[in-house]
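**Student:** coordinates for the following, if possible.
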Amino acid sequence: LRTATTAPAEALGFADDLGTLEEGKLADLVVVSGDLLSDIRESDRVEMVMLNGRLYEAATLNELRTGDHRTRPFYWQR
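**Tutor:** Predicted coordinates:
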């Protein structure tokens, strides 16, 4: 996890703004239901995604809590 988060932020000089979850830092999140430290395969179980401060349900891409956007069906889902 550090290889994908803190290490690049430090190497690129963005550690003040990115790389860790702290108040005042920028963050896009992927919420999984499981412990990635004990089993990396849990990363396949994405529950929610936060992008630009908006929270989305992974299965439907409908916005949760931060707004009311509902994703329309893709052409193959009609």
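
**Student:** so what are the sheet partners of whichever strand in the chain runs longest and their directions?
**Tutor:** Identified as the longest strand of the chain according to DSSP state E is strand 46-51. Strand pairing for strand 46-51, determined by DSSP bridges: strand 29-32 (antiparallel), strand 54-57 (antiparallel).

**Student:** could you list the low-pLDDT ranges of this protein?
**Tutor:** Of all residues in the chain, none has pLDDT under 70.

**Student:** for it, what spans make up the helices?
**Tutor:** 6-11 (DSSP state H).

**Student:** from residue 53, how far off is residue 76?
**Tutor:** 30 Å (CB to CB, to the nearest Å). For glycine as for every other residue, the C-beta is placed from the backbone atoms N, C-alpha and C.

**Student:** quick one: which of the two has more around it?
**Tutor:** Under the neighbour definition other CB atoms under 10 Å, residue 76 and residue 53 were set side by side, and residue 53 has more, 10 against 5.

**Student:** pretty sure that one contacts residue 65?
**Tutor:** No - counting by CB atoms under 8 Å, residue 53 stays clear of residue 65, with 11.0 Å between them.

**Student:** what's the span of stretch 13-22, first residue to last?
**Tutor:** Length of stretch 13-22, first residue to last, CA to CA, to the nearest Å: 17 Å.

**Student:** how far away from the center of its chain is that stretch?
**Tutor:** 15 Å (CA atoms, centre = their mean, to the nearest Å).

**Student:** so what touches that stretch?
**Tutor:** Contacts to stretch 13-22, defined as CB atoms under 8 Å, 6 or more residues apart in numbering, come from residues 5-10, 25-27.

**Student:** buried among those residues? Make that a PyMOL selection.
**Tutor:** PyMOL command restricting these to the buried ones, with burial defined by 16 or more other CB atoms under 10 Å:
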select buried, resi 9
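
**Student:** and the strands paired with strand 46-51 as CSV, adding distance to residue 15?
**Tutor:** Putting those into CSV (distance: least, CB to CB, whole Å) gives the following:
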stretch, distance to residue 15
strand 29-32, 18
strand 54-57, 25
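
**Student:** so which of those is the most surrounded?
**Tutor:** strand 54-57 (a mean of 16; mean count of other CB atoms under 10 Å).
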